[in-house]
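Q: structure for the following, please:
(one chain, ligands or ions: 1)
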Amino acid sequence: MTNLTDYEKYLRTEELLRLQKRPEELCCHDELQFQTVHQVAELWMKLCEHELAELREALRKDQPIQAVRTLERVRRVQQLLIDQLALLDTMSPRDYMTIRNALGRGSGQESPGFRRLLAIPAEIWPDFAALLERRPTQLRDIYEDPRRHPDLFAVAEGLVDFDQALQAWRARHLLLVYRIIGAGTPSLKGKPSDLLAEGARHRFFPALWEVRDELFAEWSRSHPHGADRGYHG
Ligand code: HEM
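A: Coordinates of the predicted model:
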């Protein structure tokens, strides 16, 4: 029985540090980095899920300021998720191929954390929509005159930040994929880079993007020089 310090007991470092392959088990030097970045990503995504449950609670309880604080935290965690992808830019295509063989059929698409992050926006939206109904106000009014609805505008923009960071993660991951496996490498289901590029165009809160189109269409029409010429008119 080892004598563990309180720090080790609390953080369960023994178990945590056993979750990576031992040096003699690694299929190549870079596998430790590959495994660590993925494991850390799962932890950050777990934290996002935990925070987003609190966000939903705040929206249900009419607490927009708390909602904004939570979204700000999630945004910072998402930035870490994006930034840490740069570590894998330092890996060679050859080492990735060696790791891929060890991975078997495993794919990032099976990431439980990412699957949750893809599903959560559709769960958050009804809570935000219900808050708008209780006020009562509409997205259109909030964006027409943000100063009249500063708290709701801040929540809406926090949701845009969350959405944008999911898109930014996908775009950054795609750059990593191009760098490691190239843009043309095929797979059974077509080119993975094409499928990933399609995913990177997905928007999670469509209404928050559509309201911009609607307002710019309207503002452009009412602009003295803008009629029929779009917003540059
Ligand atoms: C060497 C670096 C990496 C390469 C070459 C790579 C490659 C790929 C490829 C080719 C796909 C498409 C699906 C497939 O064919 O398996 C994919 C999907 C994915 N990978 Fe990675 N990946 C890397 C690093 C990471 C890291 C660090 C994460 C962190 C969690 C990650 C998470 C994901 C996720 C979540 C998907 C699904 C993406 C979506 O649906 O938009 N990958 N990856």
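Q: which residue, neighbours along the chain excluded, lies closest to residue 80?
A: Nearest residue to residue 80 in three dimensions, chain neighbours excluded: residue 44, at 5.8 Å (C-beta to C-beta, 6 or more residues apart in numbering). From N, CA and C alone the C-beta is placed, and that goes for glycine too.
Q: ok but the one you found is inside a helix, no?
A: Yes. Checked against DSSP: H, G, I helix; E, B strand; the rest coil, residue 44 lies within a helix.
Q: and this structure, which residues reach the ligand?
A: 37-38, 41, 85, 88, 91, 96, 107-109, 111, 114, 170, 173, 176-177, 180-181, 187, 192, 196, 199 (C-beta under 6 Å from any ligand atom).
Q: which helix in the protein runs the most residues?
A: Across the chain, the longest stretch assigned as helix under DSSP state H is helix 150-181.
Q: kindly export the helix or strand just after it (C-alpha atoms) in CSV.
A: Read in the C-terminal direction, the helix or strand following helix 150-181 is helix 192-200, with elements assigned using DSSP states H and E. Only the C-alpha atoms of helix 192-200 are listed here, as CSV (Å, rounded to 0.1, in the frame of the first residue of the first chain):
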residue,chain,number,x,y,z
PRO,A,192,-13.0,12.2,-44.8
SER,A,193,-11.8,15.7,-45.4
ASP,A,194,-14.9,16.4,-47.6
LEU,A,195,-17.2,15.0,-44.9
LEU,A,196,-15.4,17.1,-42.2
ALA,A,197,-15.6,20.3,-44.4
GLU,A,198,-19.4,19.7,-44.7
GLY,A,199,-19.7,19.4,-40.9
ALA,A,200,-17.7,22.5,-40.4
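Q: ok, residues contacting helix 192-200?
A: Helix 192-200 is contacted from outside by 167, 170-171, 173-174, 177-178, 181-185, 189, using C-beta atoms under 8 Å, 6 or more residues apart in numbering.
Q: show the pLDDT at the residue nearest to residue 80.
A: For residue 44, the model assigns a pLDDT of 98.
Q: give me the residue from the protein nearest the ligand.
A: The minimum distance from the chain to the ligand, using C-beta to the nearest ligand atom, falls at residue 108 (2.0 Å).
Q: without its sequence neighbours, what residue ends up closest to that residue?
A: In space, and not counting its chain neighbours, residue 108 is closest to residue 114: 7.1 Å by C-beta to C-beta, 6+ apart.
Q: next one: the one you found from residue 170, what distance?
A: Residue 114 sits 10 Å away from residue 170, taking C-beta to C-beta, to the nearest Å as the criterion.
Q: contact partners for the most centrally placed residue in the chain?
A: Central residue of the chain (C-alpha atoms, centre = their mean): residue 166, 2.9 Å from the mean position. Residues near residue 166 by C-beta under 8 Å, 6+ apart: 78, 117-118, 121, 204.
Q: so where is this structure shaky, pLDDT-wise?
A: By pLDDT under 70, the low-scoring segments of the chain are 1, 188, 224-233.
Q: would you map the helices across the protein?
A: For the chain, applying DSSP H gives helices covering 6-11, 13-18, 31-60, 64-83, 93-103, 112-134, 139-144, 150-181, 192-200, 206-222.
Q: assess the claim that the residue of the chain closest to the ligand and residue 88 are in contact.
A: No. Using C-beta atoms under 8 Å, residue 108 makes no contact with residue 88, being 11.4 Å away.
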